[in-house]
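# what's the 3D shape of this:
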Amino acid sequence: MSIRYEKAEDIMSRLYDIAKKIGMNHIKFSGVYAVRSFGSASRNTIARCHALGKIWQKCLGIKAVYIIEVISERFDKMTREEQDKVLIHELMHIPKSFGGGFKHHNIVNEKNVKKLYKIYKENEKKE
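Numbers count the residues shown, from 1 in each chain. Below is the predicted model:
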């Protein structure tokens, strides 16, 4: 079975809301896309952040693009809280430069995700 991708407007909306509420103002949402994949062979992956690296940007004459992929078989079964934490985790991979690189797991880790999730929930209550 081959992997299938669909645009995920529901995820895109949640990413935008989360980023706004936790102050990730460096994320240029004109260059962010969300997809839901079906049929992935990966075992423990729930979501991934893909980037268009510098060499591709230069050769194609375009700016940085990030794609956040949620793997339907795992992500869709999670609670809303777990999903929000996964989305925060993936957003955290996008560096302030928004240049096509990644922040690595020494920064994008459970401890830091929990801190941002707490901020997210506090700001959600204020609305």
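
# this protein: strands as residue ranges?
Shown for the chain, the strands assigned by DSSP state E span residues 4-7, 32-38, 47-51, 66-71.

# and among the ones you listed, the most buried is which?
strand 66-71 (a mean of 22; mean count of other CB atoms under 10 Å). Bear in mind the C-beta positions are built from the backbone N, C-alpha and C, glycine included.

# which residues does that one contact?
5, 8, 11, 15, 31-37, 40, 42, 45-52, 76, 86-87, 90-91, 94, 98 (CB atoms under 8 Å, 6 or more residues apart in numbering).

# cool, stretch 100-117 as well?
Contacts of stretch 100-117 (CB under 8 Å, 6+ apart): 22, 49, 51-54, 56-57, 64-65, 81, 84-85, 88-89, 92-95.

# how does it look with 7 Å?
Contacts to stretch 100-117, defined as CB atoms under 7 Å, 6 or more residues apart in numbering, come from residues 22, 49, 51-54, 57, 64, 84-85, 88-89, 92-93, 95.

# now, of the residues you listed, which are buried?
22, 49, 51-52, 57, 64, 84-85, 88-89, 92-93, 95 (16 or more other CB atoms under 10 Å).

# which one of the residues you listed sits closest to K126?
I22 (12.7 Å; CB to CB).

# could you measure from the closest one over to T79?
Relative to T79, I22 is positioned 19 Å away (CB to CB, to the nearest Å).

# before we move on, back to that, would CSV of the strands of the chain with mean pLDDT be doable?
Below are the strands of the chain laid out as CSV (pLDDT from 0 to 100):
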stretch, mean pLDDT
strand 4-7, 97
strand 32-38, 97
strand 47-51, 96
strand 66-71, 98
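
# nearest to K126, of those strands?
With CB to CB as the yardstick, what comes closest out of the strands of the chain is strand 32-38 (24.3 Å).

# ok, and what's touching the closest one?
With contact meaning CB under 7 Å, 6+ apart, strand 32-38 is reached by 3-8, 11-12, 15, 66-72.

# just checking: what are the partner strands of it?
Next to strand 32-38 in the sheet, as set by DSSP bridges, lie strand 4-7 (antiparallel), strand 66-71 (parallel).
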